[in-house]
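Q: output the structure for:
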Amino acid sequence: MSDGVIVIGASGHAKVVISSLLAAGITVAGVYDDDQEKWGCEISKCKVFGPLSMIGDLSGESALMAVGNNNVRKRLVSCFEKLKWLTVIHPAAYVHPSAIIGAGTVVFAGAVIQPDTIIGKHCIINSGATIDHDCIIGDYVHVAPGTNLAGSVKVGDGAFLGIGSAVIIGVTIGKWSTIGAGGVVINDIPSNAVAVGVPAGIIKYK
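A: Numbers count the residues shown, from 1 in each chain. Okay, the predicted model is just below:
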C-alpha cells in the first residue's frame, strides 16, 4: 500500500472527508467502495481503486471511514480491526485543547468543540456544528451540519442528531436514537427513539 490514508467509502460524504484530509495536509492513498460503478473513477481527484476486499488484512495502515450511516460505519470498522484509525480535524474547525477526541472521528470545517468535551470513536462532527463545554459524546455518533449542543449534554453511542437540531444544557440523548432535522430537545430522550419537532417529541422506537 502506498503512503497516505486509506479512505473507506466513496459517497458524497466521502467528498467532505477527503476535503478535510487534504486541508489538513494529509495525503489520500486511495478510496475503496463496494459499488462497482465507482471503480476506476475519481472522487475529489482521488482514485477509487475497487472493493473493500482489496484492502485485505492490512495491519497498521492509516485509514478513515467515510460512511455517514452510523450502523454501517460500526459494522465496517469491525471488519478492519488491524487498521490504524486516524482522527482528522479540519483546520477551519475550532477544538479547545482540553477536548478529547477518539480515533476515527472527523471534525469538519466550521465546527466548534468547547472545553472539557469528550467525543468518542468514529464520530462525525459535521460542518458548522457546535458542541459546548463538558459534553460527552459516545462512539459512532453523527452530529449533522448546523447542530448546536449546549453544555453538559450527553449523547449515547450511535445517535444521530439531524441537521439544524439543538439540545439544551444537561440533556441526555440515549444510544442509537435519532433527532429529526430542526428538532429542539429540552428533555431526555431514551435509547432507540426517534424524536422530532419543537420541542422534540418521540414519534416511535426503532
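Q: closest to the centroid, which residue in the protein?
A: Nearest to the geometric centre of the chain sits residue 124, at 1.5 Å (C-alpha atoms, centre = their mean).
Q: from residue 159, how far out is that one?
A: According to C-beta to C-beta, to the nearest Å, residue 124 stands 11 Å off from residue 159. C-betas here are computed from N, CA, C, even on glycine.
Q: between those two, which contacts overlap?
A: Shared contacts of residue 124 and residue 159 (C-beta atoms under 8 Å, 6 or more residues apart in numbering): 141, 142.
Q: re the thing from before, quick check: bridge partners of the closest residue to the residue nearest to the centre of the chain other than its chain neighbours?
A: Sequence neighbours aside, residue 142 is the residue nearest to residue 124 in space, at 4.4 Å (criterion: C-beta to C-beta, 6 or more residues apart in numbering). Applying DSSP bridges to residue 142 gives these bridge partners: residue 124, residue 160.
Q: doesn't residue 163 make contact with residue 142?
A: No. Applying C-beta atoms under 8 Å, one finds residue 142 not in contact with residue 163, separated by 10.3 Å.
Q: who has more neighbours out of those two?
A: Shown here are residue 142 and residue 163; by other C-beta atoms under 10 Å, residue 142 has more neighbours (23 against 18).
Q: separation between the more buried one and residue 155?
A: Going from residue 142 to residue 155 by C-beta to C-beta gives 10 Å.
Q: need the overlap of contacts for those two.
A: residue 161.
Q: residues contacting residue 55?
A: Counting by C-beta under 8 Å, 6+ apart, residue 55 makes contact with 6, 8, 32, 61, 63, 80, 83.
Q: in contact with residue 173, which residues?
A: Contacts of residue 173 by C-beta under 8 Å, 6+ apart are 153, 154, 155, 156, 159, 161, 167, 179, 185, 188, 189.
Q: give me the number of residues near the first one?
A: Translated: residue 153. Neighbour tally, residue 153, other C-beta under 10 Å: 24.
Q: the helix ranked longest in the chain - what's its average pLDDT?
A: Of all the segments of type helix in the chain, defined by DSSP state H, the longest one is helix 12-23. For helix 12-23, mean pLDDT rounds to 96.
Q: of all the residues in that helix, which ones are buried?
A: By neighbour count with 16 or more other C-beta atoms under 10 Å, helix 12-23 contains the buried residues 13, 14, 16, 17, 18, 20, 21, 23.
Q: list the helices and strands it packs on?
A: If contacts are counted by 3 or more C-beta pairs under 8 Å, 6 or more residues apart in numbering; DSSP states H and E, helix 12-23 sits against strand 5-8, strand 28-32, strand 42-43, strand 88-89, strand 106-107.
Q: nothing else from me, thank you.
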